[in-house]
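**Student:** Model the following, please.
(chains A and B, ligands or ions: 2)
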Amino acid sequence: MNIADILKDRKSIAKAITEIEEGNTELATEALRGIRGAWVIGVTGVPGSGKSTLISKIALKLALEGKKIGILGIDPTSPFSGGAVLGDRIRMRELNKFENVFIRSISTGGKLGGMSYHTPDIVNVLDAAGFDTIFIETVGTGQDEVDVMNIANTVLVVIVPTLGDEVQVIKAGQLEIGDIFILNKSDQGAADEKIKEMTLIMKERKDGWIPRIVKSVAVRNQGIDEILRLIVEHREFIERNGLKKNKLRQRILYTIKQHALNRMDEIMKNEEIEVYIEKVMSGKDISKVIDEIMLEMGVGYGKRGKD
Amino acid sequence: MRKIRVLIAKPGLDGHDRGAKVLARSLMDEGFEVIYTGIHQTAEDIVRSAIEEDVDVIGLSILSGAHMYHFRRILELMKENGLNDVLLIGGGIVPEDDKNKLIEMGVDAIFNPGTSIKEISDFIRKNLRRRV
Ligand SMILES: Nc1nc2c(ncn2[C@@H]2O[C@H](COP(=O)(O)OP(=O)(O)OP(=O)(O)O)[C@@H](O)[C@H]2O)c(=O)[nH]1
Ligand SMILES: [Mg+2]
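**Tutor:** Ligands and ions are numbered 1, 2, ... in the order given. Presented below is the predicted three-dimensional model:
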C-alpha cells in the first residue's frame, strides 16, 4: 500500500479519514508510516474567543504563499443524543476558494481533553498527503484541553480581555500549554492592561522557550502578521534546538495510545461486559477480570490489518 | 460506529439563518452529526464542504425564491464530483409545481416549513445511500 497514491485528491483524503474513523487500522498505520513532518499548530481557548476566525485569517496568508494548509475543527458531541453541531466552517468561508486548503470538522465523540480519539490519525493523513501546516482547533473549556500538546508543534492559547484574569490562566494550567498567547478581541475591554499582567507572569519553560503574548482583533485582520512571525520564531527555536524529532515521536506515541484507549472504550461499551459482573462479585480480583475482558473481548475491534 | 453526517447550508443572498440553526440543533438532538456552514454559501462552497466533510446528506435551507437555480447548480456539481451516494434535501417555501420539478431533477426531498424533525430524520435514515 502506498499511502501517497491513496491520498491523491480532496475526495480520497476525505474518504480515507472516514475509513479510519470507521476503524480501518491498516490505513491508520500506513498514514502514520507516511508522515512527512508537517508543522502542527494547536489552537485552544474558551468557546467564542475567536479561534476559528483567527485560524481562518492566519491560514489565508499561508495559503496565499502557496502553502498546503489542513484544518481540523473539533466541536463537542452532545452527551444526550450522541449528535453534534460542528460549526467552525462558518468563520472559514474565505478559505473555500483555495485549492491548497482542506478543512474537516470533527466531533469529540464524547471524549474529554478537547479532541477525538482519531484526531492524531487525521493529522497523520493530512501530513502523509503533503500538507505543510495543519491547524487543530480544539474544544476549549479553558481547563482540560491539554491533549493537543501531544500532537502540536506549536500551541496557540486564545484569551479575551473581557474574561477572567491572569490568575485563571495560571490555575487552568494554560501557562504550561501555550507557546504563544493571543489576546483576541482586544477591541473590547482593557486589552493593554491585560497584556501587561500577562507579560509579567510569562516565564521561561523547561525547554528554554519563553511564551509570547500578542494582541489581535481577528475580525479586522489585526495582529495576524505578528502571530505568524511568532509562529515562525517558535518553529525556528524548536528546530534549532533539535526538538522537532521529539515532537514527532510524541505524536506517533500519542497516536498509538489513542488507538489503545479507543479500543478499551469500545470494549467497555459492549453490553456483553455484564457477564463479568458475577466474576468480580464472586471474589475474582478486578484486575484479573480486566485481563480476561481484554483477552476475550479485545479481538474483533475495527477492520484489522495484516500482521 | 459512525454517525450520519449532514451538511446544513444556506445558499444565496438572504441572510436569515434562524431556521437553519434551529434545524441543525434539532438534528443534533436526533443523534446526527451536523456540519453547519452558515449563510451566503455558493454552490461551489457547498459541494466542496460536502466532499471534505464526506457527508451522507446535504440539506439546503431556502427562503429566497431562487431555489430552482441553486438546486440545479448543486446537482450539476455533485454529478461532476461523483457524489451519487449523497442525499440532497431542502427545506423552505417552495411552490408545489417547483417541488415536483426539483424531485424530477434529482433532489431527494423538499420539506415545507413546519415539517416535524421526526419526519425529516426518518426520511434521512430510510433513504440513506451509504452504509453507516
Ligand atoms: N469584537 C470582536 N469579535 C470577534 C473577534 N474575533 C472573533 N470575533 C467574533 O467572535 C465570535 C466567535 O468567533 P469564533 O471564531 O467562532 O470563535 P471560536 O473560538 O472559534 O468559537 P467556538 O468554536 O464556538 O469555541 C464571532 O461572532 C466572531 O465574529 C475580535 O477580534 N473582535
Ligand atoms: Mg470555532
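**Student:** In chain B, what residue lies closest to ligand 2?
**Tutor:** Nearest to ligand 2 in chain B, going by C-beta to the ion, is residue B:36, at a distance of 11.2 Å. In short, each C-beta sits where N, CA and C put it, glycine included.
**Student:** is it fair to say that residue lies in a helix?
**Tutor:** No - assessed with DSSP: H, G, I helix; E, B strand; the rest coil, residue B:36 is strand; it does not lie in a helix.
**Student:** quick one, what contacts it?
**Tutor:** By C-beta atoms under 8 Å, 6 or more residues apart in numbering or on different chains, the contact list for residue B:36 reads A:85, A:86, A:87, A:89, A:90, B:8, B:9, B:20, B:21, B:24.
**Student:** try 7 Å
**Tutor:** If you count contacts by C-beta atoms under 7 Å, 6 or more residues apart in numbering or on different chains, residue B:36 has them with A:85, A:86, A:87, A:90, B:8, B:24.
**Student:** ok, now how distant is the second one from residue B:7?
**Tutor:** Here the distance between residue A:86 and residue B:7 works out to 10 Å (C-beta to C-beta, to the nearest Å).
**Student:** what do these two both touch?
**Tutor:** residue B:35.
**Student:** returning to that earlier point: show me how to select, in PyMOL, the buried members of the contacts of residue B:36.
**Tutor:** Filtering the contacts of residue B:36 down to the buried ones (16 or more other C-beta atoms under 10 Å in any protein chain shown) takes a single PyMOL command:
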select buried, (chain A and resi 85+86+87+90) or (chain B and resi 8+24)
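**Student:** Restricted to strands, list the contacts of residue B:36.
**Tutor:** If you go by DSSP state E, the contacts of residue B:36 have A:85, A:86, B:8 in strands.
**Student:** what sits against the second one?
**Tutor:** In this case it means residue A:86. The contact partners of residue A:86, by C-beta under 7 Å, 6+ apart, come to A:73, A:75, A:105, A:107, B:33, B:34, B:35, B:36.
**Student:** try 10 Å
**Tutor:** For residue A:86, the contact set (C-beta atoms under 10 Å, 6 or more residues apart in numbering or on different chains) comprises A:73-77, A:104-107, B:5, B:7, B:24, B:28, B:33-37, B:53.
**Student:** Tell me which of the residues you listed fall in helices.
**Tutor:** Residues of the contacts of residue A:86 located in helices (DSSP state H): B:24, B:28, B:53.
**Student:** pLDDT score assigned to residue B:74?
**Tutor:** pLDDT for residue B:74: 96.
**Student:** Residue A:204 too?
**Tutor:** pLDDT at residue A:204 comes out at 88.
**Student:** again, but for residue B:115
**Tutor:** In this model, residue B:115 carries a pLDDT of 94.
**Student:** For beta bridges, what are the partners of the spatially closest residue to it that is not a sequence neighbour?
**Tutor:** Once flanking residues are discounted, residue B:115 sits nearest to residue B:91: 7.0 Å by C-beta to C-beta, 6 or more residues apart in numbering or on different chains. For residue B:91, the beta-bridge partners are residue B:61, residue B:111 (DSSP bridges).
**Student:** State the distance from the residue in chain B that ligand 1 sits nearest to to residue A:87.
**Tutor:** Per C-beta to the nearest ligand atom, residue B:38 is where chain B lies closest to ligand 1, at 10.3 Å. Distance, residue B:38 to residue A:87, by C-beta to C-beta: 8 Å.
**Student:** Give me the common contacts of the two.
**Tutor:** In contact with both residue B:38 and residue A:87: B:8, B:21, using C-beta under 10 Å, 6+ apart.
**Student:** circling back to that earlier point, what is the burial count for the residue nearest to residue B:115?
**Tutor:** Neighbours of residue B:91 under the rule other C-beta atoms under 10 Å in any protein chain shown: 22.
**Student:** Find the nearest non-adjacent residue to residue 1, please.
**Tutor:** I'll assume chain A. residue A:30 (5.1 Å).
**Student:** other chain: chain B
**Tutor:** residue B:132 (7.4 Å).
**Student:** Return the per-residue confidence for the one you found.
**Tutor:** We have a pLDDT of 79 for residue B:132.
**Student:** Next: residue A:157.
**Tutor:** 92.
**Student:** That one - that's part of a strand, no?
**Tutor:** Yes - secondary structure of residue A:157 (three-state DSSP): part of a strand.
**Student:** Quick check: residue B:70 touching residue B:90?
**Tutor:** Yes - in this structure, residue B:70 is within contact of residue B:90 by C-beta atoms under 10 Å, at 8.6 Å.
**Student:** what's the overlap in contacts for those two?
**Tutor:** B:11, B:60, B:62.
**Student:** for the record, mean pLDDT for stretch A:207-220?
**Tutor:** pLDDT averaged over stretch A:207-220 gives 95.
**Student:** Tell me the buried residues in it?
**Tutor:** A:209, A:211, A:212, A:213, A:214, A:215, A:216, A:217, A:218.
**Student:** Turn the shared contacts of residue B:70 and residue B:90 into a markdown table, including distance to ligand 2 and pLDDT.
**Tutor:** Shown next, in a markdown table, are these (distance: C-beta to the ion, whole Å; pLDDT from 0 to 100):
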| residue | distance to ligand 2 | pLDDT |
| --- | --- | --- |
| B:11 | 22 | 89 |
| B:60 | 23 | 94 |
| B:62 | 26 | 82 |
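**Student:** Quick check: PyMOL command selecting the buried ones in the residues you listed.
**Tutor:** Per 16+ other C-beta under 10 Å, the buried members of those correspond to this PyMOL selection:
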select buried, chain B and resi 11+60+62
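**Student:** Check the secondary structure at residue A:130 for me.
**Tutor:** coil.
**Student:** That one: neighbour count?
**Tutor:** 15.
**Student:** who's in contact with the nearest residue to it once chain neighbours are set aside?
**Tutor:** Distance criterion C-beta to C-beta, 6+ apart; nearest residue to residue A:130, sequence neighbours excluded, is residue A:68 at 6.0 Å. Residue A:68 is in contact with A:38, A:62, A:98-102, A:126, A:129-134, counting by C-beta under 10 Å, 6+ apart.
**Student:** And for residue A:31?
**Tutor:** A:3, A:6-7, A:16-17, A:20, A:24, A:120-129, A:255.
**Student:** For stretch B:108-120, what is the distance to the chain centroid?
**Tutor:** 11 Å (C-alpha atoms, centre = their mean, to the nearest Å).
**Student:** meant to ask about stretch A:257-276
**Tutor:** For stretch A:257-276, the distance to the chain centre is 23 Å (C-alpha atoms, centre = their mean).
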